[in-house]
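[1] sequence unavailable; structure follows:
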Ligand SMILES: [Zn+2]
């Protein structure tokens, strides 16, 4: 990406920095060389800088979505896995551009995206958020990433090689270790495993436990050897408890968690990544978008417990990161997770889930999700105060006149 030529000085901003509880009025922020150079409540002098008076508008860190699938171009994931790679790549570029234009400057992909997409972004071939990948998620035969139905007799090997597949299959401790090592080799920054049944897969009811304890423990060891962690797809209390006991760090979804398990998560420092919006979208649009009937039948098993799970985890003090998990045309609902969570959580906590707490989960604290000296200049300008109205973050970026990634405007309609 070309660097912004001259420094940019934002003045008179109401700062939501991801740390303080309230927006701080009268903030000044200097951006130079792609990073935040200075933050002050007093005027900053910067020779040669372009000065942008925000006149009290909100300036906050670019948003972070910690659970996306940028290659999920249609709701039927089995069919998605069989699309030509080039079609998936071009559609994925569009999906990611949509995310960026909603103010998401970083997204963590939980299965499917490959290092080639990361390279395409870094090379400036496509305009997209920073992309943090796990490569293909790892599932047992018949688990949540086994997209073959009960009468499909193909060998599973094709999944690991297709861009449109969310996951790959491994059975047994040795195969799990090999799959994790292979994903790390292919550029994964963490390991994603399917340790519970799922909605968008054909042969695994929600309550199914994915992998043996020995397999999960081996996958965790492989991730830790590579200086990273395991994120696991989990719904039921039993599955979450087992996974956290085995060392899983990032608990995806967590809809059916109970207080005792939430306290265990807190004890072990595990982080949750709820994704409530996807169940609302699947409920409303899934069937008409081609989600197979076996999947539609499972939605309410997890959807109805969503808000309660947030309250249980908040009470236990579990850190929660922002996630959405949307598929195909449902991606346009990505920002509605803010409003859903706002029904039971204070707005500042919801915003932190997509800024400071998300950065913590990505192990990029101080680098993204904050307005602080030395951080990446990933910034959004919001008309009004999202702390009093989280819906300002929705509507496809309509209330965001400016979006900046790494010091470069990807949207600028400030005048
Ligand atoms: Zn997912």
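    Sure, I can see it. No experiment lies behind these values; they were computed from the predicted model shown.

[2] can we go C-alpha only for contacts and neighbour counts from here?
    Fine.

[3] other SSEs contacting the helix or strand bottoming out on mean pLDDT in the chain?
    Within the chain, confidence by mean pLDDT, DSSP states H and E is lowest for helix 158-161 among all helices and strands, at a mean of 84. Here helix 158-161 touches strand 167-169, going by 3 or more C-alpha pairs under 8 Å, 6 or more residues apart in numbering; DSSP states H and E.

[4] just the buried residues of the strand it packs on, please?
    167-169 (16 or more other C-alpha atoms under 10 Å).

[5] cool, and stretch 74-82?
    Of all the residues in stretch 74-82, those buried under the rule 16+ other C-alpha under 10 Å are 74-78, 80-81.

[6] where do the strands sit along the stretch 151-300 of the chain?
    Across the stretch 151-300 of the chain, reading from the start of the chain, the strands by DSSP state E, counting those that start in this stretch fall at 167-169, 191-194, 230-236, 250-256, 271-273.

[7] cool, the stretch 301-415 of the chain as well?
    Listed in chain order (using DSSP E, counting those that start in this stretch), the strands of the stretch 301-415 of the chain are 379-382, 402-405, 408-412.

[8] quick one: closest of those strands to residue 13.
    The closest of those to residue 13 is strand 379-382. By C-alpha to C-alpha, the value is 8.8 Å.

[9] tell me which two of the buried residues of stretch 74-82 sit farthest apart.
    In these, two members sit farther apart than any others by C-alpha to C-alpha. They are 75 and 81, at 11.0 Å.

[10] thinking again about what came up before, need the strands of the stretch 151-300 of the chain in JSON lines (columns: distance to residue 44).
    Rendered in JSON lines, the data for these read as follows (distance: least, C-alpha to C-alpha, whole Å):
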{"stretch": "strand 167-169", "distance to residue 44": "49"}
{"stretch": "strand 191-194", "distance to residue 44": "43"}
{"stretch": "strand 230-236", "distance to residue 44": "42"}
{"stretch": "strand 250-256", "distance to residue 44": "40"}
{"stretch": "strand 271-273", "distance to residue 44": "38"}
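
[11] can you say which of the ones you listed is packed in most?
    Of all these, strand 191-194 carries the top mean neighbour count, a mean of 30, counting by mean count of other C-alpha atoms under 10 Å.

[12] and the contacts of that one?
    Under the criterion C-alpha atoms under 8 Å, 6 or more residues apart in numbering, residues 110-111, 134-140, 143-145, 180, 183-184, 210-211, 219, 223, 228-234 lie in contact with strand 191-194.

[13] how many residues are close by residue 165?
    In terms of burial, residue 165 registers 29 neighbours under the definition other C-alpha atoms under 10 Å.

[14] got the buried residues for stretch 208-220?
    Taking 16+ other C-alpha under 10 Å as the criterion, stretch 208-220 shows 208-213, 215-220 as buried.

[15] how far is it from where the chain is centred?
    Stretch 208-220 has its average C-alpha position 23 Å from the chain's average C-alpha position, going by C-alpha atoms, centre = their mean, to the nearest Å.

[16] give me the contact list for it.
    The set of residues external to stretch 208-220 that reach it, using C-alpha under 8 Å, 6+ apart, is 139-140, 143-144, 171-173, 176-177, 180, 191, 194-197, 229-230, 239, 242-243, 246-248.

[17] can you give me the helices in the stretch 101-250 of the chain?
    For the stretch 101-250 of the chain, the helices defined by DSSP state H, counting those that start in this stretch cover 115-122, 158-161, 173-185, 213-225, 237-245.

[18] could you give the angle of the first one to helix 173-185?
    In this structure, helix 115-122 runs at an angle of 20 degrees to helix 173-185, with axes from the mean of the first three to the mean of the last three C-alpha atoms, to 10 degrees as the basis.

[19] repeat for the last one
    When the same axes, to 10 degrees is applied, the directions of helix 237-245 and helix 173-185 differ by 70 degrees.

[20] helix 237-245 - contacts with which helices or strands?
    With contacts defined as 3+ C-alpha pairs under 8 Å, 6+ apart, the secondary structure elements packing on helix 237-245 are helix 213-225, strand 250-256, helix 259-268.

[21] the same query, at a cut-off of 7 Å, please.
    In terms of contacts (3 or more C-alpha pairs under 7 Å, 6 or more residues apart in numbering; DSSP states H and E), helix 237-245 is packed against helix 259-268.

[22] likewise for the third one?
    On a contact count with 3+ C-alpha pairs under 7 Å, 6+ apart, helix 173-185 meets helix 213-225.

[23] now the helix it packs on: average pLDDT?
    Average pLDDT, helix 213-225: 98.

[24] so how far is that helix from its chain's centroid?
    22 Å.

[25] stretch 268-280 now?
    For stretch 268-280, the gap between its own C-alpha mean and the chain's C-alpha mean amounts to 10 Å (C-alpha atoms, centre = their mean).

[26] and stretch 391-409, by the same measure?
    17 Å.

[27] please apply the same query to stretch 206-217.
    Going by C-alpha atoms, centre = their mean, the spacing between the C-alpha centre of stretch 206-217 and its chain's C-alpha centre is 23 Å.

[28] quick one: terminal-to-terminal distance for that stretch?
    By C-alpha to C-alpha, to the nearest Å, the extent of stretch 206-217 from end to end equals 22 Å.

[29] dump the residue contacts of residue 277.
    By C-alpha atoms under 7 Å, 6 or more residues apart in numbering, the residues touching residue 277 are 324, 336-337.

[30] one more pass at 6 Å, please.
    Applying C-alpha atoms under 6 Å, 6 or more residues apart in numbering, we find residue 277 in contact with 324, 337.

[31] hang on, residue 34 packs against residue 409?
    No - counting by C-alpha atoms under 6 Å, residue 34 stays clear of residue 409, with 10.4 Å between them.

[32] make JSON lines out of the buried residues of stretch 208-220 and add distance to residue 315.
    Converted to JSON lines, the buried residues of stretch 208-220 look like this (distance: C-alpha to C-alpha, whole Å):
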{"residue": "208", "distance to residue 315": "27"}
{"residue": "209", "distance to residue 315": "26"}
{"residue": "210", "distance to residue 315": "28"}
{"residue": "211", "distance to residue 315": "30"}
{"residue": "212", "distance to residue 315": "30"}
{"residue": "213", "distance to residue 315": "28"}
{"residue": "215", "distance to residue 315": "31"}
{"residue": "216", "distance to residue 315": "28"}
{"residue": "217", "distance to residue 315": "28"}
{"residue": "218", "distance to residue 315": "31"}
{"residue": "219", "distance to residue 315": "30"}
{"residue": "220", "distance to residue 315": "27"}
